[in-house]
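K.L.:
Please find the sequence and the predicted model below.
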Amino acid sequence: MSRRLGQVIQRGADSWLVRIFLGTDDNGKRLYANKTIRGTRKDAQAYLNAWLRDKDQGLVVRPSKITLSEHMDYWLDTHVSTKVEPETLSNYRDIVRLYIKPTLGFRRICDLTPLEIQRTYASMRSHLSSRTVVLVHTLLKSSLDVAVAWGRLSSNPVGFVDPPKRESREMTALNPEECLRFIEAAKSDPLYPLFLVSLSTGMRPGEILALKWKDVNLDSGTLQVNRSVTRKGRYKDPKTKKGRRQIQLTPTVVEVLRQHRAEQSRMLQETGEGSLDTDLVFVQKNGRPWKDRNVARHHFKRILEKAGLPDIRLYDLRHTFATTLLLNGEHPKVVADIMGDSTVETVLDTYSHVLPIMHKGAADKIETQFFRDKPV
């Protein structure tokens, strides 16, 4: 065995030092790994031989001194940035900065162990949502998979960790009586048309806030969903073909939008903002686009409180729309098409809580059709 590759050096009666050559660093300094073996020279030689076989097969790499923080920054800059949208990349950076760097970022990637990663997940679950911890796991595993591909690691420790279980967020929907109370309370709010569109179309908040008048045909009573706006104000196309869709409006909503357009034109002309160029259906008095958090905080929550309703999310108006249609016998395929969901299965999985009631309705129909007024 060439001494350039490794040595077995006796240190005691039954103690042997296996010294393995790893290569050189960027400055040309020779690097070694040392391992003490208790037993015979044959045991030590077997360890060295096995290590060299793994090295020849590409299973062993030189331990990298780079920290997890350094590696993930480089991974985001050079690998992830070419594959995802800027908004997604920004969200990933936030997750790394807020949750990964403070807990594991100081560790060298070659020193990370499955046990400490598992403990980190357990600690996070005490104060973070399951969705956030799952995202931490996903980013950590993906980045260290790339570290293996780049030769910075021989194996990914995250692969030996039980991934956190994502818990389904409990969905809330208003019942018909609550919907009527919400609509009545919203009539005095400047954003009444926005909430009416949300409740009657099932559109996502980002889709409503990106809606332009050129997308709305009040004569035919339809609107076209062509884009959405992110929380950071960037417009983007729908993720799927189903997301770009036409929605039929109710006569009441059409009339409310007519009045809203006339009022909006008058308001913007008075303010002299010249913001009609944006063509947005819903804008603030200063002509600037709305952000969903401001809509929720300054209008939606106040309406809920005024109507004496539960503290639900703005997004739950979408769930209310879907639940109402399903409970009134609308086919899930129609609901999926209106809402822009990719498959019927998505709707059925999301609104599985409605299925028992739908099944009861189906049973009642069979009873009426086959057995009503018939002797048993």
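P.N.:
It's in. Residues are numbered from 1 along each chain as shown.
K.L.:
wouldn't Leu89 be in contact with Val80 here?
P.N.:
Yes - under the criterion of C-beta atoms under 8 Å, Leu89 makes contact with Val80 at 6.1 Å. To be clear about C-beta, it is placed using only N, CA and C from the backbone, and glycine gets the same treatment.
K.L.:
For Lys242, give me the pLDDT.
P.N.:
As predicted, Lys242 sits at a pLDDT of 86.
K.L.:
Likewise for Asn286?
P.N.:
Confidence score, pLDDT, at Asn286: 76.
K.L.:
tell me the phi and psi of it?
P.N.:
Dihedral pair for Asn286: phi -80, psi 10, per degrees, to the nearest 10.
K.L.:
Okay, it and Arg297: tell me how far apart.
P.N.:
Separation of Asn286 from Arg297 (C-beta to C-beta, to the nearest Å): 17 Å.
K.L.:
Could you check which of the two is surrounded by more residues?
P.N.:
Arg297 (12 against 9; other C-beta atoms under 10 Å).
K.L.:
Would you agree that one falls within a helix?
P.N.:
Yes - under DSSP: H, G, I helix; E, B strand; the rest coil, Arg297 sits within a helix.
K.L.:
How much space separates it from Arg131?
P.N.:
Distance, Arg297 to Arg131, by C-beta to C-beta: 21 Å.
K.L.:
again with Arg302
P.N.:
27 Å.
K.L.:
residues making contact with the stretch of helix or strand Ser142 belongs to?
P.N.:
For Ser142, the element it lies in under DSSP states H and E is helix 130-149. Helix 130-149 is contacted from outside by 64, 71-72, 75, 79, 92, 95-96, 99-100, 104, 109, 112, 117, 121, 124-125, 153-159, 161, 163-167, 169, using C-beta atoms under 8 Å, 6 or more residues apart in numbering.
K.L.:
Now restrict those residues to buried residues only.
P.N.:
In the contacts of helix 130-149, burial by neighbour count holds for 64, 71-72, 75, 92, 95-96, 99-100, 104, 109, 112, 117, 121, 124, 153-154, 156-158, 161, 164, counting by 16 or more other C-beta atoms under 10 Å.
K.L.:
Sketch out the strands for the stretch 101-250 of the chain, chain order is fine.
P.N.:
Counting by DSSP state E, counting those that start in this stretch, the stretch 101-250 of the chain has strands at residues 216-217, 222-225, 228-229, 235-236, 245-248.
K.L.:
which sections of the chain are below the confidence cut-off?
P.N.:
Where the chain drops to pLDDT under 70, the residues are 1-4, 22-27, 31, 33, 54-64, 168-170, 271-278, 342, 349, 352-376.
K.L.:
Can you spell out the domain ranges of it, please?
P.N.:
Annotated domains of the chain cover 6-56, 68-160, 176-359 [automatic domain parsing].
K.L.:
end-to-end on stretch 65-83?
P.N.:
27 Å (C-alpha to C-alpha, to the nearest Å).
K.L.:
do stretch 320-334 as well
P.N.:
For stretch 320-334, the end-to-end distance is 15 Å (C-alpha to C-alpha).
K.L.:
what comes into contact with it?
P.N.:
173-174, 176, 179, 198-202, 335, 338-339, 344, 347-348, 350-351, 354, 357-358, 361.
K.L.:
I'd like to know which of those are part of helices.
P.N.:
176, 179, 198-201, 335, 338-339, 344, 347-348, 350, 357-358, 361 (DSSP state H).
K.L.:
Among the residues you listed, which one sits closest to Leu52?
P.N.:
Thr350 (54.4 Å; C-beta to C-beta).
K.L.:
and the ones in helices among the contacts of stretch 320-334, which are buried?
P.N.:
Cys179, Ser198, Leu199, Ser200, Thr201, Val335, Ile338, Met339, Val347, Leu348, Thr350.
K.L.:
Got phi/psi on Tyr92?
P.N.:
Torsion angles, degrees, to the nearest 10, at Tyr92: phi -60, psi -40.
K.L.:
wait, doesn't it sit right on Val80?
P.N.:
Yes - between Tyr92 and Val80 there is a contact at 6.3 Å, judged by C-beta under 8 Å.
K.L.:
Could you give the number of residues near Thr343?
P.N.:
Neighbours of Thr343 (other C-beta under 10 Å): 13.
K.L.:
Please report the distance of it from Ile247.
P.N.:
Using C-beta to C-beta, Thr343 is found at 18 Å from Ile247.
K.L.:
go on, Thr120?
P.N.:
In terms of C-beta to C-beta, Thr120 sits 44 Å off from Ile247.
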